[in-house]
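In: Need the 3D shape of this:
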Amino acid sequence: MNYEQLIEELREEMLQLVNTKCDALLQMYRSGEMRTDMKDTIRESSLITVSPAELKGKRPLAVQFAPGEWIETPTWRKVAQRILQTYNEQPDIHERFMEMCGKVAGRWRTILGSSPEEMDVPLKVDEELYFEGKFDTEAMLNMLEKKVLEPAGVDYSSIKIRYMGKGQEVAKSLEQDVLEQEGQEQHAPVQTM
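Out: Reported below is the predicted structural model:
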């Protein structure tokens, strides 16, 4: 894994996000359309660079692997399942996943197992290969990355996630500042000479 390239990709992704948001805010300010009900925004992030905590409350749309097109994944469980199924198609990784079966566990449940009976919400990856899906977004993506993909030696740096994000807190804060400023101007005492 080339960390310098990864950092540069992260920098580019962050700059693109900042530019997009600032452009939208400027356009809203200039048009006088400051509002809190900003339309949902579609974002794309590399799975390896985005924090799973940042994805909480977001709605996934699709996942993309290096060579391919976007594959629709309407839930975070479908995202995890699709990622595991795609890598499981590679014989060497399938063998590693099968060796890990029953050995990957969380606090109380098996995370990667050979039987759905061992799990609360089993996500079928393959015959006799299941991933536990009863987690919130952050915990499930952390389990996927830290307890399954990384120990299996999977390079998942090429995976991109497309998701829907709600209007940004920055816009709400900016709108509040503008409203407060307008309120102060309206109620400010007028000095006459």
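
In: Tell me how many other residues surround residue 119.
Out: 18 (other Cβ atoms under 10 Å). Heads up, the C-betas are built off the backbone N, CA and C, glycines and all.

In: ok, it - contacts?
Out: Going by Cβ atoms under 8 Å, 6 or more residues apart in numbering, residue 119 touches 109-110, 113, 130, 132-134.

In: Can you tell me which of those residues is closest to residue 88?
Out: Checking those against residue 88 with Cβ to Cβ, the nearest one is residue 130 at 11.3 Å.

In: related to what we said a few turns ago, tell me the one among the contacts of residue 119 nearest to residue 165.
Out: The closest of these, once distances to residue 165 are taken by Cβ to Cβ, is residue 133, at 22.4 Å.

In: ok so, going back, looking at the contacts of residue 119, which has the smallest pLDDT value?
Out: Ranked by pLDDT, those bottom out at residue 109, which scores 81.

In: so of the contacts of residue 119, which ones are in helices?
Out: Among the contacts of residue 119, no residue falls in helices (DSSP state H).

In: mind checking how far residue 99 is from residue 89?
Out: 17 Å (Cβ to Cβ, to the nearest Å).

In: Show me how the protein divides into domains.
Out: 1-34, 43-169 (automatic domain parsing).

In: Just say which of the ones you listed is most tucked in.
Out: domain 43-169 (a mean of 17; mean count of other Cβ atoms under 10 Å).

In: still on that earlier bit, export the contacts of residue 119 to a markdown table and append columns for distance to residue 74.
Out: Compiled in a markdown table, the contacts of residue 119 are given as follows (distance: Cβ to Cβ, whole Å):
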| residue | distance to residue 74 |
| --- | --- |
| 109 | 24 |
| 110 | 26 |
| 113 | 25 |
| 130 | 20 |
| 132 | 20 |
| 133 | 14 |
| 134 | 18 |
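
In: What is the nearest of those to residue 43?
Out: Sorting these by how near they are to residue 43, with Cβ to Cβ, puts residue 133 at the top with 23.0 Å.

In: I'd say that closest one and residue 139 touch.
Out: No. At 10.5 Å, residue 133 does not count as touching residue 139 under the criterion of Cβ atoms under 8 Å.

In: check contacts around residue 152.
Out: Listed by Cβ under 8 Å, 6+ apart, the contact set of residue 152 reads 87, 93, 96-97, 100.

In: one step back: nearest to residue 16 among the contacts of residue 119?
Out: Of all the contacts of residue 119, residue 133 has the smallest distance to residue 16: 31.2 Å, by Cβ to Cβ.

In: Please name the residues that touch that closest one.
Out: Taking Cβ under 8 Å, 6+ apart, one finds 77, 80-81, 119, 121-123, 140 in contact with residue 133.
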